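*Asks:* Next input, structure requested:
(one chain, ligands or ions: 1)
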Amino acid sequence: MTNLYLQKTYKLAGAAVACAAGLSFLAGGAYAGEPTTGPGIVQDQPADGRFVKVDGGYMVPYTETIPGTDVTFEMVPVPGGEVLIGSPEGEAERGADEGPQVRINVPPFWIGKHEVTWSEYQAFMAMYDAFKKLQLLANNPGKTEGNGSSHDDKMELIKSHAWSGDVEDEWGVDAVTSATPLYDSSFTYEPGDQPEQPAVTMTQFAAKQYTKWISGILGAEYRLPSEAEWEYAARAGTTTAYSFGEDPAQLGEYAWFDENADYQTHPVGTKKPNPWGIYDMHGNVAEWTLDEHREETYTGLGEGPVDAWDAVCWPTKVFPRVIRGGSWLDAASLLRSAARQKSEEMEWKLKDPNIPKSPWWFTEEPATGVGMRVVRPLKPMSGEDKRRVWDADVEDIRQDLEDRMREGRGAMGMATKLLPEAMKAAEELDSGS
Ligand SMILES: [Ca+2]
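*Replies:* This is a model prediction of the structure:
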């Protein structure tokens, strides 16, 4: 059922720009080039509300329900256009890594109206037990009583979504790993654990697997934004330090940050949105992007304009990677549209008792202020792109995951549109119904 391929067939990928030069094992061709499917496109111009005219119709806002749950999330359209990323030399509190400014051409996409909340992320965390159950039933068919076509159909569905136990061959098209249960949830939930509060402390790899999972079960292509896409959406056509202007005195109307957050995250969407209707791009939680952080990223891009996808600084190592927008922990200057922050391995995992440390979770500040937001590009991604945005992208992460799967400390399964049905079948067989 699933279109598996062998890890060992990876070939070296071409590297188009300087930042991508270190790619080691990514290869194209593993994914079918199916057109983007899913909601958010209408044929006729909407009478009101935000929309983006594109070939073949109009991109519009839409709401999705995570299959198998009653959890929803909203996406809003972002028009294609050109943006000047980075900050001008005169901008107050400017970081050395914010220049020189570069012009970037950005194709249209949808972006999460809000940061990913705990209700959304916990649906993904629940996959740990679900995948373990699928695997147990698939490997122990005698555990379930019964026969007949209904029973056989259920087992077929379960087997096609369960991890077979073979690490080498299972890093397939649809395979995702779920986050392991939290060793000690007190760190992660310290800034808030309510359903409408943004999820925090996931690693960038875990965030990418979340987007792969949601893509698989919805049959659409979600991913993290690139750093340039993130800044484009944050600026929303503005060139000022913040999307509302230059004056940090107004920030409290738009953002949760160290002066008003009272040491916690806040329910998403409770401050004013930016001009494109996107909430909390400044503050609440800082947000993962696809890019590796380099001080000289923008110098390497020249004057531009550069296509957004060619501007991505594809990671060559696990740290540092770019997070954007600042968080409830940060001062106003780190919430500026151009401000760049980066992940740090040791400082973010000090309390993690795992050896080696968890590939899914961080344990302390400032990671308690780091979350995520998804985008969905209008143009379908190539097979190589999907590998880059969804899967383990450097050898260290891949090896770590394989070790954990072999040791029984991870869970894996196939994220397809039939996964919720397979989970339901597993529940039914497990309970003897
Ligand atoms: Ca944010």
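
*Asks:* If you count residues, where's the longest helix of this structure?
*Replies:* helix 204-218 (DSSP state H).

*Asks:* touching the ion at all, the helix or strand following that helix?
*Replies:* As assigned by DSSP states H and E, the chain's next helix or strand after helix 204-218 is helix 227-235. No - Helix 227-235 stays clear of the ion (CB under 5 Å from the ion), getting no nearer than 8.9 Å. Placement of C-beta: from N, CA and C, glycine included.

*Asks:* for helix 227-235, packing partners?
*Replies:* strand 81-85, strand 102-106, strand 109-112, strand 286-292, strand 321-324 (3 or more CB pairs under 8 Å, 6 or more residues apart in numbering; DSSP states H and E).

*Asks:* Run the chain-centre distance for that helix.
*Replies:* 15 Å (CA atoms, centre = their mean, to the nearest Å).

*Asks:* Equivalent analysis for stretch 180-188, please.
*Replies:* Chain-centre distance of stretch 180-188: 20 Å, with CA atoms, centre = their mean.

*Asks:* cool, stretch 353-373 as well?
*Replies:* For stretch 353-373 - counting by CA atoms, centre = their mean - the centre lies 15 Å from the chain centre.

*Asks:* Please point out which parts of that stretch sit buried.
*Replies:* 354, 357-373 (16 or more other CB atoms under 10 Å).

*Asks:* go on, stretch 407-425?
*Replies:* By 16+ other CB under 10 Å, the buried positions in stretch 407-425 come out as 410-416, 418-423, 425.

*Asks:* Need the max-distance pair from these.
*Replies:* The most widely separated members of the buried residues of stretch 407-425 are Gly410 and Glu421, with 23.4 Å between them, by CB to CB.

*Asks:* got the buried residues of stretch 407-425 as a markdown table, with distance to Gly237 and secondary structure columns?
*Replies:* Shown next, in a markdown table, are the buried residues of stretch 407-425 (distance: CB to CB, whole Å; DSSP: H, G, I helix; E, B strand; the rest coil):
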| residue | distance to Gly237 | secondary structure |
| --- | --- | --- |
| Gly410 | 43 | coil |
| Ala411 | 43 | strand |
| Met412 | 42 | strand |
| Gly413 | 42 | strand |
| Met414 | 41 | strand |
| Ala415 | 35 | coil |
| Thr416 | 38 | coil |
| Leu418 | 41 | coil |
| Leu419 | 39 | helix |
| Pro420 | 39 | helix |
| Glu421 | 43 | helix |
| Ala422 | 44 | helix |
| Met423 | 43 | helix |
| Ala425 | 48 | helix |
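
*Asks:* Closest one of the residues you listed to the ion?
*Replies:* The shortest approach to the ion among the buried residues of stretch 407-425 belongs to Ala415, at 25.7 Å (CB to the ion).

*Asks:* For that closest one, give me its contacts.
*Replies:* Going by CB atoms under 8 Å, 6 or more residues apart in numbering, Ala415 touches 174-176, 212-213, 215-217.

*Asks:* circling back: which stretch among the helices and strands packed on helix 227-235 is buried most, on average?
*Replies:* Mean neighbour count (mean count of other CB atoms under 10 Å) peaks for strand 286-292 among the helices and strands packed on helix 227-235, with a mean of 27.

*Asks:* so after it, what's the next helix or strand?
*Replies:* Following strand 286-292 in sequence order, the next helix or strand is strand 306-307 (DSSP H and E).
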